[in-house]
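Participant: What would the 3D arrangement of this be:
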Amino acid sequence: MIETKRNNFFKAKEFVALYDHIFRMCIQRDPYNWSEDLYRKYSESIQNYLRERVKPALDEARNKYERAYLEQWKTRYHNHGRIVFGLSKLFMYLDRFYTPSTENVLALKKQGYKLFEDHIFKNYSQYARDAILSAINHERQNEEQDRELLKDCVSVFVDLGYNLGGQQKLRYYETQLQHDIVNDAGNFYRRCAKTWLCEDSCSAYLKKCEAALDAEKDRVNSYLHKSTMDPLIEKCYTELLKIHQSALLNKTTGMYYLLEEKQNEDLKRVFDLYVKYPADLPPIGDMFRTQVQKEGKAIVKRTNEAKSKQHDEKHVLVTSLITLHKHYDTVVKECFGNHQVFQKALKTAFESFINENDSVSKLLALYAHDVLKKGSKVNVGNVEKTLDHVVFLYGYIRDKDVFDHDYQQLLQERLLKRKCSSEANERAMIAKLKSEAGYQWTNKLEGMFKDVGVSKNLTGLFRNFFNTEQECGLVFNVNVCTHGFWPSTNYTSSKTPEALKVCTEQFEKFYHNRYAEREIQWRMDMGEAEVLVRFNPKTEVRLSVSSYQMAFLLVFNKKRVASFQEILDITGLKSDTTLQNHLLSLAHPKLGVLLKKPNSKSLARDHKFQLNANFRCRMRKITVPFYNIIRHAVNPTIDPSIAIQRRCQMDAAIVRAMKTKKRMQHMELVNEVTAQLQARFKAQPGMIKKRIEHLIEQEYLERDPAARGVYKYLA
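Facilitator: Next up, the predicted model:
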């Protein structure tokens, strides 16, 4: 009935009669109980079928071709399953009492499959395995195969283990088939890799690897067991990608070429192929870092950072770095899945060339200033995104206090000279810097904004107290800057011009009435003024000048000609480079507000100045530009104010560390201080040692008499 593929072995009436007969034979007492004999007959009938039907059919199929053998392998196992199922149902009563209570006797179903294992599987499975492997190899060579047939043949190895039970249910599949499938795939792709590597470009090789891995995954999903997926893919990956990683990525069309040519699709393919094995990502990250580092150093070299960059009005260096960062940040996010290996590589690369000296820090602060100031010539499409990239570059700067110092100075200029293009952008920039640098420094920037707002209110209240326009004939605006928030600069007090004395005295009186315990120091170095100048009876022009230039021009209300020394005596100012440039700007040939004798770029105390009576201008108002005629001497060392700030921060870090631990060795203390300050600047061990010596002199610390390399904290 099995051989003729009839679905119904017995009619229901016949089955019930047979089952009832077997039941009666099994419930008798000994010696009339036939359970053992029935169990033996059950086994013998299956054995006879396997010997007389299955073996000859498989032997015959072996002599034909592989597909015929696989057809028989599938059919014979399927038929065997039907026989075991039918007979175990018929002799079901044996499984109720006889097989559970008798030693070394298997349940009917398990006994049926055990007989298949002993008589068929052990002798014929190797031929099925070879046929399956051959079919898979033909499929790898693009020859179409019957996947349903392969699935049924593979399931024999899986089902037999499940039907026989035990802890290792996949033991037959794993040992008899899976192991060979994996090794065979490794051998196949080992040969392919050698050929592809010689013949194809990196991009083509990657595409073939991707297609091969996808084909193996599809093969597993179609007719192999799911447990084969991981070992098979790992073996293929090892033979195709892992072993040849260095040779592949260092080809002339390899990783460096893909990065240079912006082949983002192939870069993503590289990441997708290697990401499942994270241990193989660092070499790719190193190549990515090297390429970014190479391009970054080329940009710095191309823009001549040592000299011209300090006067780079077009911001070529910074904009090039922003473009570079924007591109590779996109590569990291879109091609490399924002993986930490590539984030770290990008950060390390930028840090390497940005921190060669502090020039990039200064230029970055100047670029942010030009983006944020009113009337800027810097053309940016999206201010928000541009500021994001500025903050990203800021994050790569090791000595952040250099950028902080310059940014604060330039913010002061924008606020006091009303050059902010957008308060919202300014506050957004501060918020971005706070997320990167923390609260301590950005608190000062927020304080500067607060002072400007308070000053507007104070100016309005002061006008109600004393109307300068009516009483003195001038509009008087004051910015009150809290000491500690604003940049500290060396400033020598000067004489208040006669025209402003009444206004300044009245404001001091007004301010002390509101804040009795506060002191006011008048500063002219950051102020502005509008002065109406009558050059001759026909020429009257309103000049927008600095406070210094206002003081200089007021001198000529009383004197027709004045020497530089006389100007200094009248104004009470002391000569320095900045002051000299303010004066020379008024006498610059392009403007000619003042006439200078001798007419030269230099300035001596006996040089004479006078108002230009022949001044001609069609405009009613002119802004006097500041010309940097006398340049500061180039000082290769760090700005003195930054150096002082660093010394204070090192002192504070040393005291904090010693106060916590009370007793520390020299290197331990140096490492602790370096770690505390690394977010602001890189503290040099030599400078830390000098600050330790200073604190010992100040009796904050002392050396341990028993160990000179150990310090003790003095409470």
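Participant: Going by C-alpha atoms from here, please, whenever you check contacts or count neighbours.
Facilitator: Will do.
Participant: Show the contacting residues for the residue nearest to the spatial centre of the chain.
Facilitator: For the chain, the residue sitting closest to the mean C-alpha position, by C-alpha atoms, centre = their mean, is Q343 at 3.7 Å. In this structure, Q343 makes contact with V332, judged by C-alpha atoms under 8 Å, 6 or more residues apart in numbering.
Participant: quick one: average pLDDT of the host helix or strand of it?
Facilitator: When secondary structure is defined using DSSP states H and E, the element that contains Q343 is helix 340-354. Confidence over helix 340-354 (mean pLDDT, whole number) is 93.
Participant: With stretch 602-615 instead?
Facilitator: Averaging pLDDT along stretch 602-615 gives 87.
Participant: ditto for stretch 643-659
Facilitator: Confidence for stretch 643-659, expressed as mean pLDDT, is 82.
Participant: just stretch 433-445 next, same as before
Facilitator: Over the span of stretch 433-445, the pLDDT mean works out to 84.
Participant: Can you list the buried residues in that stretch?
Facilitator: Neighbour-count burial for stretch 433-445, counted by 16 or more other C-alpha atoms under 10 Å, picks out 433-434, 437, 441-442, 444-445.
Participant: cool, and stretch 689-697?
Facilitator: Judged by neighbour count (16+ other C-alpha under 10 Å), stretch 689-697 contains these buried residues: 689, 691-692, 695-696.
Participant: Could you single out the nearest of these to K596?
Facilitator: Distance to K596, by C-alpha to C-alpha, is smallest for R691 among the buried residues of stretch 689-697, at 49.7 Å.
Participant: got the CA coordinates for stretch 112-131 in PDB?
Facilitator: Once side chains and other backbone atoms are set aside, the C-alpha atoms of stretch 112-131 remain, and they are given as PDB (Å, rounded to 0.1, in the frame of the first residue of the first chain):
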ATOM      1  CA  GLY A 112      10.800   2.600  14.100                       C
ATOM      2  CA  TYR A 113      13.200   5.500  13.400                       C
ATOM      3  CA  LYS A 114      16.100   3.700  15.300                       C
ATOM      4  CA  LEU A 115      15.700   0.900  12.800                       C
ATOM      5  CA  PHE A 116      15.900   3.400   9.900                       C
ATOM      6  CA  GLU A 117      19.100   4.800  11.400                       C
ATOM      7  CA  ASP A 118      20.700   1.400  11.800                       C
ATOM      8  CA  HIS A 119      19.800  -0.100   8.500                       C
ATOM      9  CA  ILE A 120      19.600   3.000   6.100                       C
ATOM     10  CA  PHE A 121      21.000   6.200   7.500                       C
ATOM     11  CA  LYS A 122      24.400   4.900   8.700                       C
ATOM     12  CA  ASN A 123      25.000   3.200   5.300                       C
ATOM     13  CA  TYR A 124      23.400   5.600   2.800                       C
ATOM     14  CA  SER A 125      23.500   9.100   4.400                       C
ATOM     15  CA  GLN A 126      27.000   9.800   3.000                       C
ATOM     16  CA  TYR A 127      25.700   9.400  -0.600                       C
ATOM     17  CA  ALA A 128      22.800  11.800   0.200                       C
ATOM     18  CA  ARG A 129      25.300  14.300   1.700                       C
ATOM     19  CA  ASP A 130      27.500  14.100  -1.400                       C
ATOM     20  CA  ALA A 131      24.600  14.600  -3.700                       C
END
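Participant: roughly how far is that stretch from the heart of the chain?
Facilitator: Mean-position distance between stretch 112-131 and its chain equals 56 Å (C-alpha atoms, centre = their mean, to the nearest Å).
Participant: which regions of the protein lie under the pLDDT threshold?
Facilitator: Counting by pLDDT under 70, the chain contains low-confidence ranges at 1-21, 23-24, 26-34, 93, 304-314, 489-493, 629-639, 641, 715.
Participant: just so I have it, where are all the strands in it?
Facilitator: Using DSSP state E, the strands of the chain run over 528-536, 539-546, 561-563, 594-597, 608-611, 621-623, 663-665, 701-704, 707-713.
Participant: so which of those strands gets nearest E103?
Facilitator: Shortest distance between E103 and those, using C-alpha to C-alpha, is found for strand 663-665: 76.0 Å.
Participant: Okay, now the sheet partners of the closest one, with direction.
Facilitator: Each strand paired with strand 663-665, and its direction, by DSSP bridges: strand 707-713 (antiparallel).
Participant: residues in contact with the strand it pairs with?
Facilitator: Taking C-alpha under 8 Å, 6+ apart as the criterion, the residues outside strand 707-713 that touch it are 658-659, 662-666, 700-704.
Participant: Next, the buried residues of it.
Facilitator: With burial defined by 16+ other C-alpha under 10 Å, the residues of strand 707-713 counted as buried are 710-713.
Participant: again with stretch 382-393
Facilitator: 386-393.
Participant: mind giving me TSV with these and columns for distance to Y189?
Facilitator: Formatted as TSV, the buried residues of stretch 382-393 follow (distance: C-alpha to C-alpha, whole Å):
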residue	distance to Y189
T386	48
L387	50
D388	46
H389	45
V390	48
V391	47
F392	44
L393	45
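Participant: Widest-spaced pair of those?
Facilitator: Of all pairs drawn from the buried residues of stretch 382-393, the greatest distance, 10.8 Å, lies between T386 and L393 (C-alpha to C-alpha).
Participant: anything in contact with each of the two?
Facilitator: If you check T386 and L393 against C-alpha under 8 Å, 6+ apart, no residue is contacted by both.
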